[in-house]
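**Q** could you work out the structure for the sequence below:
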Amino acid sequence: MERLNQKVQHDLEWAHLLAHLASRAHNEVAKRLCLALPLRDKDEAWAHLALVGEFLRCIDADDAPPVLDAPDVGEALAHIRSDSAVPATCLIDVAANLKRFGALARYLQNRTDVCPKNAALVLPPEVVPSLISLARLAAEIESTFEPDGSIADTASSELQRLRARTQSLRQNLLVALERIAEQHADVLQDRTITLRNDRFVLPVRADAHRPLSGIVHGTSGSGATMFVEPERAVGMGNDLTLAREAVVREEQRILNALRGGVRDMLDEVSYACQQVAAVEVRIAAARLAWDLDAAVPQRGRDGEVRLLRARHPLLQLQKERVVPNDIALKPGHTLLISGPNAGGKTVLLKTAGLLSLMLQAGLPISADPDSTVDIPDAVLSDIGDDQSIDLALSTFSAHMQNIAAILERATQGAVVLLDELCAGTDPIEGAALAAAILDKLNAFGAMTLATTHFDALKTHAHESPRFTNCATGFDAATGQPTYRIHSGVPGASSALETALRYGIPASVINSARKAIPEGVRRLSDAVSALELAREDLLREQRAAAQERQESAAHNQALQAELARLKARDDKLLSRESEQLWADIRAARDKVRTAENTLRRRQASAAQIRTVRDEVNAVAEQLAPGAALSTTDMDALPGVPAQADQVRSGVAVYVVSMAKEGTVAADLQGNTVFVAVGRMQLRVPLSDLRVLKPAAQKKRGPAKPRQAPPVAADFAAAPVSVPVAVRTDSNTLDVRGLTADEAVDRLDAFLDSALRSAWDVAFVLHGHGTGVLRNAVRAHVANSPYVSDARPGTRDEGGDGITALFLR
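**A** Prediction:
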């Protein structure tokens with residue numbers, strides 16, 4: 001069985017796929033695990049697929065898991081377990097693994113909704129409590145070392161003290177040696193201070209007439225120079241040596257302490273390092289799946305494999321143009337594939353086989369996510385040429401040896417791949433033998449894919465319910481294969497067309513065509529004609545589908561254009577509305593200008609009112625909801641209201657609101673109160689049409705109303721209101737005052753307004769708690785100066801303003 005497994009993996013280039021997987025892993029342990037990725041049983045494979053699928057969804061959502069690029073610490077942990085010394089670099093590598101594990105833990109803890117299986121597997125309840133301790137250990141190790149791997153001065157206060165003392169002793173020694181060198185310059189080769197045997201020395205000439213007393217630590221290669229530690233510096237050198245040894249002892253103590261910390265949590269540390277490698281394998285699988293546009297298929301339970309839009313992953317990774325195909329396999333059934341050489345038959349076999357191995361390994365497959373599979377128990381293959389001169393095996397003999405082993409091992413649910421079954425021998429005997437082998441595999445319950453050029457075998461498949469003929473497409477018009485498979489029909493080998501395409505002279509092809517028996521030639525021509533008709537039909541179907549797609553796209557474009565035009569119209573309306581309000585504001589400015597002009601000329605109150613009425617009329621025409629044009633008015637119910645027609649109980653039509661109502665109070669000036677539904681509005685006479693008796697709806701008499709001073713509940717400002725121009729001069733600001741202070745100021749303000757013959761005034765009380773607003777409105781409700789009041793419009797300041805209409 002092991003030999004069969006090796007042959008399958010060789011035939012399907014499994015090692016190449018694993019190499020691509022390993023290239024997407026970011027640590028050496030994970031790379032080794034990828035290259036040795038095992039084939040699993042069904043349940044384990046589905047579990048691994050689910051784990052990889054979670055990370056794939058994260059990558060699809062642009063929320064990729066962390067890169068776990070940690071070094072291999074297996075050997076270091078083994079040394080620590082045996083209480084052996086380890087270099088500082090090993091401890092640094094352990095800390096790197098713990099940091100990566102911490103990052104992974106945080107990532108999973110924050111994504112338990114999208115990675116529940118990985119979170120549960122990596123962070124079981126017994127591991128979670130150790131996360132803080134592991135993070136603390138990693139931080140302690142990391143803070144102990146400098147970026148270059150040396151122990152930091154801050155690793156301990158004692159180390160800092162010892163290193164400072166060592167540096168001081170060294171500096172003092174160098175100063176002393178410089179003085180000695182200066183004093184004995186005549187016996188020195190030069191005044192350079194060097195090291196010999198870890199001691200500072202001076203280069204003394206061997207021929208010096210007056211040698212420098214001290215300890216000789218060596219000579220130069222020529223013997224012309226002696227390296228002498230001056231006697232006066234020996235004591236200082238000894239002190240420096242002792243200080244250095246003290247530093248080394250402290251550094252070793254620090255390393256031992258760190259090693260002890262790792263050893264105390266060795267099980268937790270080992271688990272963390274193992275998870276960093278294991279999870280990186282799953283993340284690498286997700287990265288590979290993303291590059292392949294691969295997916296986790298649906299799980300089937302019937303033993304069948306239905307691959308939708310299956311692609312060969314290695315061809316995808318080579319950036320080849322890959323034609324997807326649907327492949328349906330079921331136990332006890334053979335898919336017999338025929339068609340031209342170089343038409344994609346073997347690629348189809350390898351695609352089915354490689355995707356089956358990927359499923360067994362728990363890797364997402366290069367097929368649509370709607371594919372449904374029951375992971376096969378085994379994959380067996382006979383693909384390629386296994387002839388061996390050493391073993392005296394011909395091509396046919398080698399194939400038969402492989403087929404014999406497959407027949408011994410094939411079981412229910414195994415995928416069997418047979419390329420050019422029984423080729424290389426007499427075609428009549430070969431076809432008969434191939435049919436018998438395939439019948440046997442069907443009886444075992446295997447799922448078989450086989451390729452052939454034998455017409456007799458195609459006929460056998462046509463007559464047997466346990467076979468399905470499939471053809472690889474060939475475009476007779478272009479003489480090129482389409483690489484698509486078509487189920488239910490056999491494919492023509494098109495050997496002559498293929499030979500012509502690859503350079504065989506046409507004369508040779510014509511001679512060969514004449515040599516083909518008439519019956520065989522007619523059958524071949526019929527199959528070719530059928531192939532041509534099928535390709536024509538497929539082209540028409542594709543053209544129709546393209547037309548539908550273009551039609552849908554055109555319709556979508558039309559909808560988008562309609563939406564754009566509507567948005568443009570809305571924008572234009574908005575601009576027109578803004579322009580109308582700008583005109584209103586300009587009219588109000590004219591009011592203020594006219595008022596100021598008249599006042600400067602000492603005009604009478606009547607003259608001021610006349611000017612105001614004229615401008616208000618202009619503003620009413622400009623405002624949204626203003627009276628319609630003369631042509632439009634003819635289509636409205638009723639007749640324009642006249643002053644003598646408007647009295648309590650008369651049915652009217654409010655033009656600006658397009659609603660009917662009833663006059664609730666007699667006309668006051670140019671305005672009148674109208675009841676519309678449950679609302680009572682103050683409406684200009686010009687906005688009313690009196691309904692004729694026939695147009696009036698039956699309604700009870702309106703309750704008479706005598707021009708009430710102020711509505712008690714101060715409802716929101718009505719849709720149609722007299723134009724009231726608010727300026728700084730006609731506005732009283734009482735914000736920040738008490739209620740009593742506000743009322744006192746208001747009375748004085750109203751006295752002034754009356755003397756100035758104002759028609760309207762405003763009180764700015766703000767929103768606040770409502771105390772000022774209620775006090776103001778309660779006071780003006782009983783004021784003899786005020787005929788009516790309302791909240792401010794949105795343009796005036798909303799409910800933070802009260803508009804007062806003066807008598």
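
**Q** contacts, neighbours, all on C-alpha from now
**A** Noted.

**Q** quick one: residues in contact with stretch 143-150.
**A** Under the contact criterion C-alpha atoms under 8 Å, 6 or more residues apart in numbering, stretch 143-150 has outside partners 88, 89, 92, 151, 152, 154, 155.

**Q** ok, the closest residue to residue 109 other than its chain neighbours - contacts?
**A** The spatial neighbour of residue 109 that comes closest, neighbours along the chain excluded (C-alpha to C-alpha, 6 or more residues apart in numbering), is residue 119 at 6.7 Å. Contacts of residue 119 were listed using C-alpha under 8 Å, 6+ apart, and they are 105, 108, 109, 112.

**Q** is it possible to get JSON lines of those residues that adds neighbour count?
**A** As requested, the contacts of residue 119 are exported to JSON lines (neighbours: other C-alpha atoms under 10 Å):
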{"residue": "105", "neighbour count": "19"}
{"residue": "108", "neighbour count": "21"}
{"residue": "109", "neighbour count": "16"}
{"residue": "112", "neighbour count": "13"}
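
**Q** now do the domain split for this protein, please.
**A** Residue ranges for each domain of the chain read 2-153+259-292, 298-515, 625-708, 716-807, as given by automatic domain parsing.

**Q** can you redo these as a markdown table with distance to residue 252?
**A** As requested, the domains of the chain are exported to a markdown table (distance: least, C-alpha to C-alpha, whole Å):
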| stretch | distance to residue 252 |
| --- | --- |
| domain 2-153+259-292 | 10 |
| domain 298-515 | 46 |
| domain 625-708 | 91 |
| domain 716-807 | 72 |
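
**Q** any idea which of these scores lowest on pLDDT?
**A** The minimum mean pLDDT among the domains of the chain belongs to domain 625-708 (a mean of 69).

**Q** can you flag which of the contacts of residue 119 belong to helices?
**A** When DSSP state H is applied, the contacts of residue 119 are split such that 105, 108, 109 fall in helices.

**Q** burial of residue 567, as a residue count?
**A** Around residue 567 sit 12 other residues, with neighbours defined as other C-alpha atoms under 10 Å.

**Q** circling back to that earlier point, quick one: which of the contacts of residue 119 is nearest residue 265?
**A** If you rank those by distance to residue 265 using C-alpha to C-alpha, residue 105 comes first, at 17.5 Å.

**Q** the closest one contacts residue 124, correct?
**A** No: Residue 105 sits out of contact with residue 124 when judged by C-alpha atoms under 8 Å, with a separation of 10.9 Å.

**Q** for the closest residue to residue 114 other than its chain neighbours, pull up the helix or strand it's in.
**A** With sequence-adjacent residues excluded and distances taken as C-alpha to C-alpha, 6+ apart, residue 114 is closest to residue 54, at 6.5 Å. Residue 54 is part of helix 42-60 when elements are defined by DSSP states H and E.

**Q** other residues contacting the very next helix or strand once past that helix?
**A** Beyond helix 42-60 in the direction of the C-terminus, DSSP H and E gives the next helix or strand as helix 74-81. Where contact means C-alpha under 8 Å, 6+ apart, the residues beyond helix 74-81 that reach it are 85, 86, 90, 91, 259, 262, 263, 266, 270.

**Q** hey, where'd the helices end up in the stretch 51-200 of the chain?
**A** Counting by DSSP state H, counting those that start in this stretch, the stretch 51-200 of the chain has helices at residues 74-81, 88-109, 116-122, 131-144, 157-183.

**Q** if we can go back for a sec, quick check: the two most widely separated of the contacts of residue 119?
**A** 105 and 112 (10.6 Å).

**Q** would you list the phi and psi of residue 468?
**A** Here the main-chain torsion angles of residue 468 (degrees, to the nearest 10) amount to phi -130, psi 120.

**Q** also the one 4 residues further on?
**A** The main-chain torsion angles of residue 472 are listed as degrees, to the nearest 10 and equal phi -80, psi 130.

**Q** my guess is it meets residue 484, correct?
**A** Yes: with the criterion set as C-alpha under 8 Å, residue 472 and residue 484 qualify as a contacting pair; they are 5.5 Å apart.

**Q** list residues touching both of these two?
**A** When contacts are counted by C-alpha under 8 Å, 6+ apart, residue 472 and residue 484 are jointly contacted by residue 344.
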